[in-house]
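**Student:** this one's structure only:
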Ligand code: ZN
């Protein structure tokens, strides 16, 4: 029997989202679209959000970059869809704290997102993992929804 270490498991989750990204593509119509990049790694991302009242009605992303940036964005779109803007914003802040090592991150709350913790020990990759989340927060700000 093969027993995966936690780190290997994290890697599997990230690779799965990288190979088969969720919600990848343009979203039309959308209320806000925002493009950001991470020059350190060359990651580029554009996040599209369509609001449904105070909720994230639909979300998608476009972009190219390393496996961490793309997997993180994929997981983000999967997780925040349907949440209120407030809850999605709080989740983004939790992820930022987790990546800063200030919070453990509850697997029951975060699901696959805890796999991003595997990146914490590679400081240069933290920006990759947070690119989608920071873009989301800025998109909320730009739309006046936050
Ligand atoms: Zn990257």
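**Tutor:** Arrived safely, thanks for sending. All figures in this text were calculated on a predicted structure; none of them were measured in a lab.
**Student:** Contacts for the helix or strand encompassing residue 58, please.
**Tutor:** In the assignment (DSSP states H and E), residue 58 maps to strand 55-64. With contact meaning Cβ atoms under 8 Å, 6 or more residues apart in numbering, strand 55-64 is reached by 21, 23-27, 30, 43-52, 69-70, 73-74, 76-77, 80-85, 88, 132, 136. C-beta here means a position set from N, CA and C on the backbone, and glycine is covered the same way.
**Student:** if you set the cut-off to 6 Å instead, what comes out?
**Tutor:** 23, 25-27, 44-51, 73, 77, 80-81, 83-84, 88 (Cβ atoms under 6 Å, 6 or more residues apart in numbering).
**Student:** From the residues you listed, list just the buried residues.
**Tutor:** Those of the contacts of strand 55-64 that meet the buried threshold are 23, 27, 44-51, 73, 77, 80-81, 83, 88, by 16 or more other Cβ atoms under 10 Å.
**Student:** ok, and which of the residues you listed reach the ion?
**Tutor:** Checked against the ion using Cβ under 5 Å from the ion, these yield no neighbours at all.
**Student:** Among those residues, name the ones in strands.
**Tutor:** Counting by DSSP state E, the buried ones among the contacts of strand 55-64 place 44-51 in strands.
**Student:** Low-confidence stretches in the protein?
**Tutor:** Within the chain, the stretches with pLDDT under 70 are 1-2, 146.
**Student:** one step back: can you name the two of the buried ones among the contacts of strand 55-64 that sit furthest apart?
**Tutor:** 44 and 83 (24.9 Å; Cβ to Cβ).
**Student:** right, is the lengthiest helix in the chain up against the ion?
**Tutor:** In the chain, with assignment by DSSP state H, the single longest helix is helix 123-143. Yes - using Cβ under 5 Å from the ion, helix 123-143 reaches the ion at residue 128.
**Student:** buried set for that helix?
**Tutor:** Buried residues in helix 123-143 (16+ other Cβ under 10 Å): 125-137, 139-140.
**Student:** tell me the angle it makes with strand 55-64.
**Tutor:** Interaxial angle of helix 123-143 relative to strand 55-64 (axes from the mean of the first three to the mean of the last three Cα atoms, to 10 degrees): 130 degrees.
**Student:** Just the buried residues of the strand or helix carrying residue 35, please?
**Tutor:** Using DSSP H and E, the element containing residue 35 is strand 32-38. By neighbour count on 16+ other Cβ under 10 Å, the buried set for strand 32-38 is 32-34, 36-38.
**Student:** With that, I have no additional questions.
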